[in-house]
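this one's structure only:
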């Protein structure tokens, strides 16, 4: 039986999976280590943006290959959306709650008071707010049912705006590298430091470029041999491997109390990247591949199933943004996001119901945020009136 399976794997072209999976993970770690070192000379916002960009390079590589093949064969178009939405929902549904659990566990082991919530700072608001424009624009994409080059330009513009605001964040000593490789790159100064950082990043990028195409092909071959739908492999297995850099960095930061919020914002920065530049990659690569294959530029159309996948990712991220808008991320938020993610992964038939749940939760959170803001404004107004009244009663203060 084992010989038959091995023979099937060999004949299907699945053997490259034995080296492409480790190579892809190695490339992911290299770009992460390079980015960790680079962040020491940048502000927190821009550092996280750069880190997210390099960490998602493996995902960009896989997405580009999928979109190119979809352009050559439009029947494969659903795989591009599967990879995009699967990666987004993995980070929000698993990654965000994981950060909370890791920090809560670390505090429990140190016998510290229980973690009520991860508290965000004012500078973290840039990353959270940066998700709003692309999410709003994707609502337009859902209505018109297609992703075009124009949409890609708008999404990239959203990302550029995010970088402009993130660049205003001043450097801080808290952005400390966590790996031995990152520390090695910073062991020198001047141009030598920049050369080391660039070498690590370029090594990871080169390894990625050599790995991504055989990795994707071998994953589909393994799925065919094992009787697994290619859509499931692309939506869940490939993102698990390509999201390793973000998860590794975030877990390491989450183990320390001072960098817990930074761990969460690392994942938020990756989500910004996914909703803007990564999503914009799809229509550009798809259109160019379609032009090469058929002589005409093709627009990436979304069918009903793809719209549901995008809607789920859109609503899930919107709920996450609404939760972070309060400035804290607690146990209830983590449990809710994780529980709904598990349901949609384990029971695909319940995805429409999960979408309705996300929508209802988003409405409740929106009402709560409006009420909280109104209450705070009322308190501020009352305090101002009380101060004014005290000043009028005590002329000596003038």
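Arrived safely. A quick note: this is a predicted structure, and the numbers were derived from the prediction, not measured.

Now do the helices in the stretch 1-150 of the chain.
Shown for the stretch 1-150 of the chain, the helices assigned by DSSP state H, counting those that start in this stretch span residues 2-11, 17-38, 44-55, 57-72, 77-90, 96-109, 125-130, 132-144, 149-166.

Helix 57-72 and the longest one, what's the angle between them?
Pointing back at helix 17-38 there. Counting by axes from the mean of the first three to the mean of the last three CA atoms, to 10 degrees, helix 17-38 lies at 130 degrees to helix 57-72.

Would you mind pulling up the elements that helix 17-38 packs against?
helix 44-55, helix 57-72, helix 180-185, helix 190-226, helix 238-242, helix 244-254 (3 or more CB pairs under 8 Å, 6 or more residues apart in numbering; DSSP states H and E). Just so you know, the C-beta spots here come from the backbone N, C-alpha and C atoms, and that holds for glycine as well.

And the contacts of the last one?
Right, the one you point to is helix 244-254. If you take CB atoms under 8 Å, 6 or more residues apart in numbering as the criterion, helix 244-254 is touched by 25, 28-29, 31-32, 36, 51-52, 54-56, 58, 91, 95, 98-100, 102-103, 106, 178, 259-260, 262-264, 266-267, 270.

Mind giving me the packing neighbours of whatever helix or strand comes next after it?
Note on helix 244-254: by DSSP states H and E, the next helix or strand toward the C-terminus is helix 260-273. Contact analysis of helix 260-273 by 3+ CB pairs under 8 Å, 6+ apart lists helix 44-55, helix 96-109, strand 117-119, helix 125-130, helix 149-166, helix 244-254, helix 304-324 as its packing neighbours.

what's the residue positioned nearest the centre of the chain in contact with, if anything?
The residue lying closest to the centre of the chain (CA atoms, centre = their mean) is residue 271, at 2.8 Å. Counting by CB under 8 Å, 6+ apart, residue 271 touches 88, 91-92, 131, 317, 320.

can you do 7 Å?
Residue 271 makes contacts with 88, 91-92, 131, 317, as judged by CB atoms under 7 Å, 6 or more residues apart in numbering.

I'd like the residues you listed as CSV, with distance to residue 287, pLDDT and neighbour count appended.
Shown next, in CSV, are those (distance: CB to CB, whole Å; pLDDT from 0 to 100; neighbours: other CB atoms under 10 Å):
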residue, distance to residue 287, pLDDT, neighbour count
88, 22, 94, 25
91, 27, 93, 26
92, 28, 95, 26
131, 26, 95, 23
317, 25, 97, 27
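
List the backbone torsions phi and psi for residue 189.
Reported as degrees, to the nearest 10, the phi and psi values for residue 189 are phi -130, psi 170.

tally of neighbours for it?
Using other CB atoms under 10 Å, residue 189 is surrounded by 8 other residues.

Distance-wise, check it relative to residue 105.
Remark: distance between residue 189 and residue 105 (CB to CB, to the nearest Å) = 37 Å.

and residue 163, how many residues sit next to it?
15.

Quickly note the distance from it to residue 267.
Here residue 163 is placed at a distance of 18 Å from residue 267 (CB to CB).

With that, I have no additional questions.
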